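Novice: what's the 3D shape of this:
(one chain, ligands or ions: 1)
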Amino acid sequence: MRPLIAGNWKMHGTLREAVALAEAVQAGAAGLPADLLICPPFVHIPALAAMAGRTVALGAQDCHAAAKGAHTGDTSAAMLRDIGATHVILGHSERRADHGETDAVVQAKVKAALAAGLVPVVCVGETEAQRLAGEAEAVVRRQLAESLPDDFAGIIAYEPVWAIGTGRTPTEADIAAIHATIRDSLVARFGAAGQGTHILYGGSMKPGNAKAILALANVDGGLVGGASLVAADFLAIAAAAE
Ligand SMILES: O=C[C@H](O)COP(=O)(O)O
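Specialist: Numbering: from 1, shown residues only. Next up is the predicted model:
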């Protein structure tokens, strides 16, 4: 399948910086061997959606599980779709840790995203303690089982928590093993659709390690944090996906 390189900008950038970064990404997008998705902070989505000639897909970093209601400070999936997002990252470990999101909460959000016509990018991944205890595969299997609804259609991102923003990555063999586990789980539950589901790797992906990681079986792209804030690095990662 054609790789997907997604950038999670997290809580970075003024409007002016966001527009400049998106323009630089857009300027380098033609001819790459991967599709591109950028996920800026909510507030920047309208400006980026309005960019002329845009070929880079736009996503948000979270949504609420409810369609509307008394939820101060939250944003619904339909609102995101309305302002031009097509994707939404859900269950990122920073949301799970900072906002107490459980697998059940993540599943409710995935359902809301699907109902609104957004493609969910569902994040799973073990902590360092879980990896050291030999529980990484079991944790990921459980997160998939409990975070995905039966009608799931979307993208999975495997992000070992201890690799996010740390400059550390699992070995290639460890990445391949977890991605194989994820593929097995998806195929067992969703059949052919599971075979065609993108499984992204995330966690300290950089231009220097992207080629080796993206060449692994069942690694269908990347979810890039820090390096997605530098257009040249983000584009270099995408170029490595051939
Ligand atoms: O969503 C992206 C990830 O959390 C990876 O972040 P990172 O590339 O800065 O390690």
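Novice: Could you report the neighbour count for the closest residue to residue 207 other than its chain neighbours?
Specialist: Leaving aside its chain neighbours, residue 207 sits nearest to residue 236 (3.8 Å; criterion: CB to CB, 6 or more residues apart in numbering). Quick note: C-beta positions are derived from backbone N, CA and C, even for glycine. Residue 236 sits with 17 neighbouring residues when counted by other CB atoms under 10 Å.
Novice: my read is residue 236 is in a helix, agree?
Specialist: Yes - counting by DSSP: H, G, I helix; E, B strand; the rest coil, residue 236 is part of a helix.
Novice: so it sits right up against residue 211, yeah?
Specialist: No - look at residue 236 against residue 211 with CB atoms under 8 Å: they stay out of range, at 9.6 Å.
Novice: How much space separates residue 41 from the ligand?
Specialist: 13 Å (CB to the nearest ligand atom, to the nearest Å).
Novice: ok, now which ones touch that residue?
Specialist: By CB atoms under 8 Å, 6 or more residues apart in numbering, the contact list for residue 41 reads 9, 10, 11, 12, 13, 18, 61.
Novice: if we go to 6 Å?
Specialist: If a contact means CB atoms under 6 Å, 6 or more residues apart in numbering, then residue 41 has residue 11 as its contacts.
Novice: Would you state the helices of this structure in chain order?
Specialist: 15-27, 45-49, 77-82, 93-98, 103-116, 128-132, 136-147, 172-190, 192-195, 207-214, 231-239 (DSSP state H).
Novice: Touching the shortest one from outside, list them.
Specialist: Defining contact as CB under 6 Å, 6+ apart, one finds that helix 192-195 is touched by 186, 187.
Novice: one step back: distance to residue 2 added to the helices of the chain, as TSV?
Specialist: What follows is the helices of the chain, written out as TSV (distance: least, CB to CB, whole Å):
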stretch	distance to residue 2
helix 15-27	17
helix 45-49	22
helix 77-82	23
helix 93-98	26
helix 103-116	22
helix 128-132	30
helix 136-147	23
helix 172-190	17
helix 192-195	15
helix 207-214	12
helix 231-239	11
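Novice: any chance of the ones you listed in a markdown table, plus distance to the ligand and mean pLDDT?
Specialist: As requested, these are exported to a markdown table (distance: least, CB to the nearest ligand atom, whole Å; pLDDT from 0 to 100):
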| stretch | distance to the ligand | mean pLDDT |
| --- | --- | --- |
| helix 15-27 | 15 | 98 |
| helix 45-49 | 17 | 98 |
| helix 77-82 | 17 | 98 |
| helix 93-98 | 7 | 96 |
| helix 103-116 | 15 | 98 |
| helix 128-132 | 14 | 97 |
| helix 136-147 | 15 | 98 |
| helix 172-190 | 13 | 98 |
| helix 192-195 | 22 | 96 |
| helix 207-214 | 11 | 98 |
| helix 231-239 | 10 | 98 |
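Novice: Please export the C-alpha coordinates of stretch 32-43 as PDB.
Specialist: Below are the C-alpha coordinates for stretch 32-43, written out as PDB (Å, rounded to 0.1, in the frame of the first residue of the first chain):
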ATOM      1  CA  LEU A  32       7.100  11.900  -2.900                       C
ATOM      2  CA  PRO A  33       6.600   8.100  -2.500                       C
ATOM      3  CA  ALA A  34       4.200   8.700   0.400                       C
ATOM      4  CA  ASP A  35       1.000  10.500   1.100                       C
ATOM      5  CA  LEU A  36       1.300  13.300   3.700                       C
ATOM      6  CA  LEU A  37      -1.000  14.200   6.600                       C
ATOM      7  CA  ILE A  38      -0.400  17.100   9.000                       C
ATOM      8  CA  CYS A  39      -2.200  17.500  12.300                       C
ATOM      9  CA  PRO A  40      -1.800  21.000  13.600                       C
ATOM     10  CA  PRO A  41      -3.500  22.400  16.800                       C
ATOM     11  CA  PHE A  42      -7.200  22.800  16.300                       C
ATOM     12  CA  VAL A  43      -7.100  26.600  16.000                       C
END
